[in-house]
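Undergrad: Next one to model:
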Amino acid sequence: MRKNTKNKDVNRNVSYKKLESSLKTGQLGSFYILHGEERYLLDRSLEKLRVLLCPDGLDSFNYKRFDGKELLIEDLENAIDTFPAFADRSLIEIHDFDIFKSDDKEHLNSIFADLPDYVCIIFVYNILEYKPDGRKKTDKEILSHANVVDFVVQEQDILVKWIRRHFRDAGKIISDSDIKYLATITGGFMATLNGEIEKAAAYAKHETVTREDIDAVVSPILDVVVYKLTDALVVRDSKKALHHLGELLQMREEPHKMMYSISLKMRQLLTARIFVENRIGHESLKKMCDFRYDFQSENLYKSARQTTLSYCREFVLCCSATALELNSSSDPESRIVELVTKLAFTQQ
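TA: Numbers count the residues shown, from 1 in each chain. Modelled structure (predicted):
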């Protein structure tokens, strides 16, 4: 679980704000490392860097891109030593090269320590995990030369404003509750939301985008379908629970992944019910369950109020037993169907 998530994300977001400020003034550094969960912000910032450093486009002599798997240090050095043509600077982009696991870290560090002013090197972590070892001297030295930008998933207030603005740009309005609902079912990532907002805005026949419009065209992520399934089980709506089970199976996710999600949601429900029993607010539940947004903990807290502690415990025990059975089952999906069917008809 994350601890002090909000404070950590605020601190991490400083690097993004610093980059935004540099892009506005045009005062850019020579060495950047871009990584993080929010791909929309990363891609947008990378595009701004390209436009600023290569105004003649990416076909120009002053732009070079390398795939990390194929990068040779000699090629990087040659690119650095090549003066820009009819421009102040050149841009070198390297995608998915793990600096901190390279056998040439010492050599790379000497390169980064003495970069010429006319070059800007950007390492982009797309697939690879960004994971420097702060205990290692070489890693520390590399980081001391770099402008590291962590693109974090945005906080609730920022995300709500961003979604509202995008709907407004499309000539639509939407309520705060439906904004939060849209953020929830898409996972809150701007990269996903950008396309889903376009779909919902185009589909809505009236100026106001409704929840019905969202449900008609927006595909929820796995965890959201499982939450809907859990909510149906809590209120003992077997018909709706089986409907959501059908939706879950149609997603064709790997059975162990589905089972993990179901088990996690049941444990979170049990945690929420314990909080209800002890009159602990949803703010503490948000921290305990590692939620990013308030509305996630509020919705779970609301569900927990509609059930009992013994019922939640039964859910968790059944999920644990089924998860164990999956390891030896020749038909794991059937075990999940049996589990949901059993829970759907369990009486409180």
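
Undergrad: from here on, contacts and neighbour counts on C-alpha atoms
TA: Noted.

Undergrad: Do a quick rundown of the strands in the stretch 101-250 of the chain.
TA: Applying DSSP state E, counting those that start in this stretch to the stretch 101-250 of the chain gives strands spanning 119-124, 147-150.

Undergrad: winner for burial among those?
TA: Ranked by mean neighbour count, those are led by strand 119-124 with a mean of 23 (mean count of other CA atoms under 10 Å).

Undergrad: Grab the nearest non-local neighbour of the residue nearest to the spatial centre of the chain.
TA: With distances taken as CA atoms, centre = their mean, residue 37 lies nearest the centre of the chain, 4.5 Å away. Computed as CA to CA, 6 or more residues apart in numbering, the closest residue to residue 37 that is not its neighbour in sequence is residue 152, at 5.6 Å.

Undergrad: right, and the one you found touches residue 36 too?
TA: Yes. Using CA atoms under 8 Å, residue 152 is in contact with residue 36, at 5.7 Å.

Undergrad: Tell me which of these two has more neighbours.
TA: residue 152 (21 against 18; other CA atoms under 10 Å).

Undergrad: can you list the domain ranges for this structure.
TA: Taking automatic domain parsing as the reference, the chain has its domains at 5-150, 156-217, 222-344.

Undergrad: what mean pLDDT does stretch 135-147 have?
TA: For stretch 135-147, mean pLDDT is 93.

Undergrad: Mind listing residues that contact that stretch?
TA: With contact meaning CA atoms under 8 Å, 6 or more residues apart in numbering, stretch 135-147 is reached by 15, 29, 31-33, 100, 105-106, 109, 112-113, 132-134.

Undergrad: tell me the residue furthest from the middle of the protein?
TA: When distances are taken from the C-alpha mean of the chain, residue 86 lies farthest, 39.7 Å away, according to CA atoms, centre = their mean.

Undergrad: isn't there a strand covering that one?
TA: No. The assignment for residue 86 (DSSP: H, G, I helix; E, B strand; the rest coil) gives coil, which keeps it out of a strand.

Undergrad: need the contact list for it.
TA: Counting by CA under 8 Å, 6+ apart, there are no residues that residue 86 touches.

Undergrad: pLDDT at it, what is it?
TA: 87.

Undergrad: Please apply the same query to the one 10 residues further on.
TA: Residue 96 is assigned 96 on the pLDDT scale.

Undergrad: Now for it, how many residues are close by?
TA: Count around residue 96 with other CA under 10 Å applied: 19.

Undergrad: Verify the stated contact: it with residue 126.
TA: Yes. Assessed by CA under 8 Å, residue 96 is found in contact with residue 126 at 5.9 Å.

Undergrad: Just confirm residue 65 is within a strand.
TA: Yes. Read with three-state DSSP, residue 65 is one of the residues of a strand.

Undergrad: any idea which helix is longest in this structure?
TA: Across the chain, the longest stretch assigned as helix under DSSP state H is helix 255-277.

Undergrad: Using PDB, write out every CA atom in the helix or strand that that helix is followed by.
TA: Proceeding N to C from helix 255-277, the next assigned helix or strand is helix 282-288, under DSSP states H and E. Only the C-alpha atoms of helix 282-288 are listed here, as PDB (Å, rounded to 0.1, in the frame of the first residue of the first chain):
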ATOM      1  CA  HIS A 282     -14.200   7.200   4.600                       C
ATOM      2  CA  GLU A 283     -11.100   9.400   4.600                       C
ATOM      3  CA  SER A 284      -9.200   6.800   6.600                       C
ATOM      4  CA  LEU A 285     -10.700   4.100   4.300                       C
ATOM      5  CA  LYS A 286      -9.200   5.900   1.300                       C
ATOM      6  CA  LYS A 287      -5.700   5.600   2.800                       C
ATOM      7  CA  MET A 288      -6.200   2.000   4.000                       C
END
